[in-house]
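> just need the structure, nothing else, for what follows:
(2 chains)
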Number of protein chains: 2
Amino acid sequence: MTLSSAPALDSLNDAGRSLLFTEARTANTFADVPVTDAELSQIWDLAKWAPTQANLQPLRVVYVQSPEARARLVQHMSDGNKEKTLAAPAVAVLALDSRFHEHVSTVMPFMPQLEEVFEGNEDARFSTARLNSALQAGYFVLAVRAQGLAAGPMSGFDAAAFDADFFPDGRLKSFMVVNIGHPGEGAFRNRLPRLDAAQVVDFA
Amino acid sequence: MTLSSAPALDSLNDAGRSLLFTEARTANTFADVPVTDAELSQIWDLAKWAPTQANLQPLRVVYVQSPEARARLVQHMSDGNKEKTLAAPAVAVLALDSRFHEHVSTVMPFMPQLEEVFEGNEDARFSTARLNSALQAGYFVLAVRAQGLAAGPMSGFDAAAFDADFFPDGRLKSFMVVNIGHPGEGAFRNRLPRLDAAQVVDFA
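From the prediction side, this is the model:
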């Protein structure tokens, strides 16, 4: 009989499952309740702990909060997303840092050679950044919900035009916009169907 | 004074934050406690509720559980990942479905034209599949933790060789391997540093 000294992990309670997964919904309208900069910074303080490849953490977050910047962002959104993005209490643009490897000495101090590996291989750098920043975007959406806020993630925007406008040095590449706030009246549409395990999960 | 009729959302309690984020750790060894197929299927039943672009859900999960299949998988892993992948109670290979758009009539019934749009544009199809399957991989890792299991996500494997072996028709493209189980003795290494909000978060 094998006994492990590692303590058994709890599982998430029903309230937590509802909040993050089973009852959580994408909000399409927001209540007129502000979201503070401190609340927004706390989202990263939670999301940052979830794992990335070699701890590289390529995700960057820009909260577009000033009226001037918000108006510029909305110009780059597709028509169906303009109005709700203009009205959201907070809007996060999620981007990858194409030079994430400059932080290797901080995030992976015992493998400093990784910095040179990525410096010399732009393809590996971008594919690592793309995969891991999107993985972190998943953590980010659930961290928004963990803070008691509703998230409205969107891909319907002109990322190249946004990047030219907001990131003119070319280092950051945006890939998702997330409206954030407290849900308003009529925030939630009918839920769309999910694929069954039989369509998604297989055993080999 | 503006009042919204939408109920305020709770925030995640400390136990839930610890379990999913602040105290959760990637396991490097596992206890000799089996994980059942039913437990594995329940991970998708939780992860599936988190949002994807146009509800397209391109992630597919293959649990490589039979000794024969596990041995084949391990051949495609990098050396540092072979032993722990062989020993893990369960191993999920996460892949994208490059023909996810065949499910449009199920997942997005009021926009059936999306199926043709993606059929005619392979670039858009792959970039949508890549971004959203990685986003779902983030949900998947946290859903594993929500079930009281430890996850060990890895990118160190030869995806092309794995795909040729396991997905010979070319439809699925693997991008991550996740060891799953109850943590064993010495499962957790010292935690690596995370980037500060000052390095990740900006306000515009």
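> give me the neighbour count for the nearest residue to A:Pro112 once chain neighbours are set aside.
Spatially, and ignoring its direct neighbours in sequence, A:Pro112 is nearest to A:Ser105 (5.7 Å; CB to CB, 6 or more residues apart in numbering or on different chains). Every residue, glycine included, has its C-beta placed from N, CA and C. A:Ser105 is flanked by 12 other residues according to other CB atoms under 10 Å in any protein chain shown.
> and what of A:Arg171?
Look at A:Arg171: counted by other CB under 10 Å, it has 15 neighbours.
> OK, contacts around it?
A:Asp97, A:Ser98, A:Arg99 (CB atoms under 8 Å, 6 or more residues apart in numbering or on different chains).
> the residue nearest to A:Pro112 reaches A:Glu115, doesn't it?
Yes: judged on CB atoms under 8 Å, A:Ser105 makes contact with A:Glu115 at a distance of 6.9 Å.
> which single residue of chain A ends up nearest chain B?
Residue of chain A nearest chain B, by CB to the nearest CB: A:Gly138 (2.0 Å).
> hang on, that residue packs against B:Asn132?
No: A:Gly138 lies out of contact with B:Asn132 (CB under 8 Å); the separation is 9.6 Å.
> how about low-confidence regions in chain A?
Low-confidence segments of chain A (pLDDT under 70): A:1-7.
> list the helices and strands the strand ranked longest in it packs on?
Using DSSP state E, we find that the single longest strand of chain A is strand A:172-181. Strand A:172-181 sits against helix A:79-87, strand A:90-97, helix A:122-146, strand A:150-154, helix A:159-166, with contacts defined as 3 or more CB pairs under 8 Å, 6 or more residues apart in numbering or on different chains; DSSP states H and E.
> please redo it, this time with the cut-off set to 6 Å
strand A:90-97, strand A:150-154, helix A:159-166 (3 or more CB pairs under 6 Å, 6 or more residues apart in numbering or on different chains; DSSP states H and E).
> closest to B:Gly184 out of those?
Closest of the helices and strands packed on strand A:172-181 to B:Gly184 is strand A:90-97, at 34.1 Å (criterion: CB to CB).
> so the closest one versus helix A:79-87, what angle?
Calculated by axes from the mean of the first three to the mean of the last three CA atoms, to 10 degrees, strand A:90-97 forms an angle of 110 degrees with helix A:79-87.
> show me which residues of the next helix or strand after strand A:90-97 are buried.
On the C-terminal side of strand A:90-97, the nearest following helix or strand under DSSP states H and E is helix A:104-107. Residues A:Val104, A:Val107 are the ones in helix A:104-107 that count as buried (16 or more other CB atoms under 10 Å in any protein chain shown).
> out of the helices and strands packed on strand A:172-181, deepest packed?
strand A:90-97 (a mean of 25; mean count of other CB atoms under 10 Å in any protein chain shown).
> listing partners with orientation, what would you give for it?
Strand A:90-97 pairs in its sheet with strand A:59-63 (antiparallel), strand A:172-181 (antiparallel), by DSSP bridges.
> ok, which of those comes nearest B:Asn28?
Between B:Asn28 and the strands paired with strand A:90-97, the shortest gap by CB to CB is with strand A:59-63, which sits at 23.8 Å.
> gap between the closest one and the chain center?
8 Å (CA atoms, centre = their mean, to the nearest Å).
> and the end-to-end length of stretch A:29-43?
20 Å (CA to CA, to the nearest Å).
> which residue sits closest to A:Gly159, ignoring its sequence neighbours?
One correction, residue A:159 is Ala, not Gly. Using CB to CB, 6+ apart, the nearest residue to A:Ala159 is A:Ser174, at 4.9 Å.
> what sits against the one you found?
Each residue near A:Ser174 by CB atoms under 6 Å, 6 or more residues apart in numbering or on different chains is listed here: A:Val93, A:Ala95, A:Ala159, A:Phe162, A:Asp163.
> bridged to it, which residues?
Taking DSSP bridges as the rule, A:Ser174 bridges to A:Ala95.
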